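Student: sequence unknown, structure follows:
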């Protein structure tokens, strides 16, 4: 678990947030704790960091990593969806905070360790829930087996932007029930035109992404969480969002513009901050990252 998740754009985030000793802040997506640790260091010796994560396994690792800081009262970790952030933060003494950070999407842990079907690189059960204890969410297997081709195609187009979505959806419907990653990959491959079947992995990556977003209702959660996070910021507080999907980035961009037009925000990133080439070389998953930050004016 030592490489649970490689944080992206950490120095850029710290620079834009401008945290100082004594600040209180929120990491709405703890993951492996890389960004949390950076916040802890920036706010020493008396700052406090609240960390949330949907995944109980990820959070258990973070509890071990920050054992000393938790004991000292400098780190508070809560197993929760960030759609509950406006309730959880005040309940733990986080009222007018200096910063809230979102690092969206799946982590390295989910692709490399979790064994829940986030990747087609290994044969695993199709689950894809960030919180496998949440029985209100369908598993990926539930989703792909209960929907007809028309609805599956809509999900694959919207969340995966896959051009062969209709054909792939028909292939999935024809092969139901699908219970494993290998079976879903085979359905994607079979649904592609013969001329492009050699690059099935590209289409499969988009399909798996689309199914994951639908299972966890990620875009709806983001839309619900952003105004809640905004309400927690003090004047001069910063809201930072690290996204990896164009639809996520669009939601964030729209929210920031709305706040700026209202006169309550100053956007600090005219264009999204992207990782440098050396960071992408060390961590290829950083390639699609986009960071946007805005400051609360009142």
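Tutor: Everything's here; your move. Nothing here was measured: the structure is a model prediction, and the numbers come from that model.
Student: from the chain's centroid, how far away is the helix or strand of the chain with the lowest mean pLDDT?
Tutor: Scoring the helices and strands of the chain by mean pLDDT, DSSP states H and E places helix 108-112 at the bottom, with a mean of 88. The offset between the C-alpha centroid of helix 108-112 and the centroid of the whole chain comes to 12 Å, using C-alpha atoms, centre = their mean, to the nearest Å.
Student: likewise stretch 214-225?
Tutor: 10 Å.
Student: for that stretch, buried residues please.
Tutor: 214, 215, 216, 218, 219, 221, 222, 224, 225 (16 or more other C-beta atoms under 10 Å). C-betas here are computed from N, CA, C, even on glycine.
Student: please apply the same query to stretch 275-283.
Tutor: Within stretch 275-283, the residues that qualify as buried are 275, 279, 280, 283, counting by 16+ other C-beta under 10 Å.
Student: look up the closest residue to the first one, ignoring the ones flanking it.
Tutor: Read it as residue 275. Across the structure, with C-beta to C-beta, 6 or more residues apart in numbering as the measure, the residue nearest residue 275 apart from its sequence neighbours is residue 286 (4.4 Å).
Student: how far does stretch 99-110 sit from the chain's center?
Tutor: Relative to the chain's own centre, stretch 99-110 is displaced by 4 Å; criterion: C-alpha atoms, centre = their mean.
Student: do stretch 200-207 as well
Tutor: Using C-alpha atoms, centre = their mean, the distance from the centre of stretch 200-207 to the centre of the chain it belongs to is 19 Å.
Student: quick one: residues in contact with that stretch.
Tutor: Identification of contacts with stretch 200-207 by C-beta atoms under 8 Å, 6 or more residues apart in numbering yields 120, 156, 160-162, 164, 168, 184-185, 188-189, 192, 196.
Student: so can I have JSON lines of the residues you listed showing distance to residue 16?
Tutor: Rendered in JSON lines, the data for the contacts of stretch 200-207 read as follows (distance: C-beta to C-beta, whole Å):
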{"residue": "120", "distance to residue 16": "35"}
{"residue": "156", "distance to residue 16": "35"}
{"residue": "160", "distance to residue 16": "30"}
{"residue": "161", "distance to residue 16": "29"}
{"residue": "162", "distance to residue 16": "33"}
{"residue": "164", "distance to residue 16": "39"}
{"residue": "168", "distance to residue 16": "39"}
{"residue": "184", "distance to residue 16": "39"}
{"residue": "185", "distance to residue 16": "39"}
{"residue": "188", "distance to residue 16": "39"}
{"residue": "189", "distance to residue 16": "42"}
{"residue": "192", "distance to residue 16": "42"}
{"residue": "196", "distance to residue 16": "41"}
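Student: out of these, which end up buried?
Tutor: The neighbour-count test (16+ other C-beta under 10 Å) marks 120, 156, 160, 162, 164, 168, 184, 185, 188, 189, 192 as buried among the contacts of stretch 200-207.
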